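**Student:** 3D, please:
(one chain, ligands or ions: 2)
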Amino acid sequence: MERWFGEPGRQVERLVAGATERLGEIATDVLERASERTVRLAITGLSRSGKTVAATAIVHDLLRAVDHPELLPFLSVVSERRLAGAKLVERADLHLPTFPYRQSLDLLTGEPPDWPESTDRINRSRLALRFRPAGGLARLARDRVSLHLDIVDYPGEWLLDLPMLHQSFEEWSRDVFERLDRPPRDRLAGDFLAFVGSLGPAASLGDETIGRGADLYRRFLHACAEEGLTLLQPGRFVKPGREISENAPMMAFFPLPARQEGDPKPLRVLLERRYDAYRDHIVHPLYRDHFARSDRQVVLVDVLKALAGGPHALADMRDALTVILRSFDHGSAGWLRRIFAPRIDRVLFAATKCDHVPLEQYRNLQQLLEEMITHASGEIRFEGARTKTAAIAAVRCTENVLGEHDGKTLPMVRGLPEGRTEKVALYPGEVPPRFPSPQAWGAMNFRFLKFLPYGLRHAETEGLPHVGLDHTLEFLLGDRLR
Ligand SMILES: Nc1nc2c(ncn2[C@@H]2O[C@H](COP(=O)(O)OP(=O)(O)OP(=O)(O)O)[C@@H](O)[C@H]2O)c(=O)[nH]1
Ligand SMILES: [Mg+2]
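**Tutor:** Numbering: from 1, shown residues only. Ligands and ions are numbered 1, 2, ... in the order given. Next up, the predicted model:
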């Protein structure tokens, strides 16, 4: 008997345990929301956009601002001297890795200094901020209150999977193939397209065929990444992460062109099944556990990288941001909705690493960002959420100086480029305020060097120097810290 009932019994047990755990999580979440004392900040950004550095700077500068209010002068809870304390606390989700804030800070402030590694797994942190409410009844009612700020950090490539949540294999394939027609993808996809073209009805449909197709498709994605393109799906094919075996069948599939007469139907069915498994086992949990219940969002955009990459890179980044942002729930959030159907009600779009250009160019950078995200931010505002744009540097690595360039005195940036031992002054070129015309692209000549964090020995106590982090935090958290 045990042989018959043993396994189903265990499965029921597991199901009940899973459901109880989810119910527990939901109850904790509702209680936290009802108290209005938790903000889940979704730091959204494509790979290498600056998420880890921004998360490190946000955590560290909030920790240090209690003793060094000059660090965040435009964050009102700090400038009004109401911030009484800040500390990293344990989260409820103890099974997830903790954000390696300490390691990142040690690298940034080390001798020699360095940047944190590219992230290869999800991790979270919770910062408790203790503050005095700003006047009025709240002040009389309670002396000090706490706000928990939850931050999640993850590999940027994985964000690109979110649009797949609402797509069938057919819909996803159609979108991918539409992009394959355009340069430079058409050039890079040659081998993959030749393989797909060879798949007649008599094609052998074993694992070997699928493995070959998946391998060619994966190589195509890597080639696109090398050309500076960002809209690459599935994200785990580019960065698999540690917890998923690359041998799992769901990690080997590829898109197919629209269904046609004489198609190898069984192949389509097999690929569809793998696509569904990838979406259900990887993408859905990523969204449900880390993004679905966010309150506020900062979208980090490396506009300068896209600009240096040329027109295709810029357009591709714009398209990637538009499709990603549609995956989040935006809208106004009354208290009832905040508790039971949370939505993101404030979104800050930030052009990151603005310390690569002199301060006179921040305005152009911000305007270029506005043009890039105009569609996405319009949709978000239509849903009722507030949006704002800014140019920021989470960790400022350069100073603004005047220098000679082509016989003219121009504003420049001065910092320590990677691989050098001395600081250099650099004129990076002129950031245009709008998307350049096809003719103008040819005439543009950017020179962006990768600067290292420099001279941050005292940052441990005095905080990390930044551009605009306080404005960012005021927009995202200011009202919740009143
Ligand atoms: N000058 C300057 N460079 C920055 C700044 N923030 C990030 N960078 C550069 O951008 C690189 C990527 O930053 P990360 O924070 O690791 O980017 P990420 O979005 O976490 O990247 P993934 O983990 O790969 O998704 C860093 O290694 C730095 O070279 C900044 O504020 N100023
Ligand atoms: Mg990272």
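**Student:** residues in the stretch 101-250 of the chain within reach of ligand 2, list them.
**Tutor:** Within the stretch 101-250 of the chain, the positions near ligand 2 by CB under 5 Å from the ion are residue 119. Every C-beta, even on glycine, is put in place using the N, C-alpha and C of the backbone.
**Student:** around ligand 1, which positions in the protein sit nearby?
**Tutor:** For the chain, the residues in contact with ligand 1 (CB under 6 Å from any ligand atom) are 45, 47-53, 115-116, 118-119, 155-156, 352-353, 355-356, 393-395, 397, 450-451.
**Student:** buried among those? Need that as a selection in PyMOL.
**Tutor:** Selection of buried members from these for PyMOL, criterion 16 or more other CB atoms under 10 Å:
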select buried, resi 45+47+48+49+50+51+52+53+115+116+119+155+156+352+353+355+356+393+394+395+397+451
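**Student:** what helix or strand is the closest residue in space to residue 216 that isn't next to it in sequence on?
**Tutor:** Among residues not flanking residue 216 along the chain, residue 192 sits closest, at 4.4 Å (CB to CB, 6 or more residues apart in numbering). Assessed by DSSP states H and E, residue 192 sits inside helix 190-197.
**Student:** quick revisit: tally up the residues packed near the residue nearest to residue 216, please.
**Tutor:** 22 (other CB atoms under 10 Å).
**Student:** quick check, it in contact with residue 222.
**Tutor:** No: with contacts counted by CB atoms under 8 Å, residue 192 stays clear of residue 222, the gap being 11.6 Å.
**Student:** now do the same for the residue nearest to residue 216: its pLDDT.
**Tutor:** We have a pLDDT of 97 for residue 192.
**Student:** just use 553 as the starting number from now, easier for me
**Tutor:** Done: numbering now begins at 553, and the last item shifts to residue 744.
**Student:** just to revisit the earlier point, okay, buried residues for the helix holding residue 744 please.
**Tutor:** Buried residues in helix 742-749 (16+ other CB under 10 Å): 744, 745, 747, 748.
**Student:** got it, and stretch 695-703?
**Tutor:** In stretch 695-703, counting by 16+ other CB under 10 Å, buried: 697, 699, 700, 701, 702, 703.
**Student:** now the fifth one: closest residue in space, sequence neighbours ignored.
**Tutor:** What sits nearest to residue 702 in space, not counting adjacent residues and going by CB to CB, 6+ apart, is residue 592, at 4.6 Å.
**Student:** paired strands for the helix or strand harbouring that neighbour, with orientation please.
**Tutor:** For residue 592, the element it lies in under DSSP H and E is strand 590-597. If you go by DSSP bridges, strand 590-597 pairs up with strand 697-705 (parallel), strand 848-853 (parallel).
**Student:** now check the shortest one, is it near ligand 2?
**Tutor:** In this case it means strand 848-853. No: judged by CB under 5 Å from the ion, strand 848-853 and ligand 2 are separated, with a smallest distance of 10.3 Å.
**Student:** strands of the stretch 803-952 of the chain, start to end?
**Tutor:** 848-853, 898-903, 938-943, 951-957 (DSSP state E, counting those that start in this stretch).
**Student:** and the helix or strand that the longest one is followed by, what does it pack onto?
**Tutor:** Once strand 951-957 ends, the next helix or strand along the chain (criterion: DSSP H and E) is strand 960-969. Contacting strand 960-969 under the criterion 3 or more CB pairs under 8 Å, 6 or more residues apart in numbering; DSSP states H and E are the following elements: strand 951-957, strand 976-978, strand 1003-1004.
**Student:** now for the longest one, which elements pack on it?
**Tutor:** Just to be clear, that refers to strand 951-957. Going by 3+ CB pairs under 8 Å, 6+ apart, strand 951-957 lies up against strand 960-969.
**Student:** find the closest residue to ligand 1 in the stretch 753-902 of the chain.
**Tutor:** residue 852 (6.7 Å; CB to the nearest ligand atom).
**Student:** that residue bridge partners, please.
**Tutor:** The partner residues for residue 852, given DSSP bridges, come to residue 597, residue 902.
**Student:** re earlier: give me the common contacts of residue 744 and residue 774.
**Tutor:** Both residue 744 and residue 774 lack any common contact, where contact means CB atoms under 8 Å, 6 or more residues apart in numbering.
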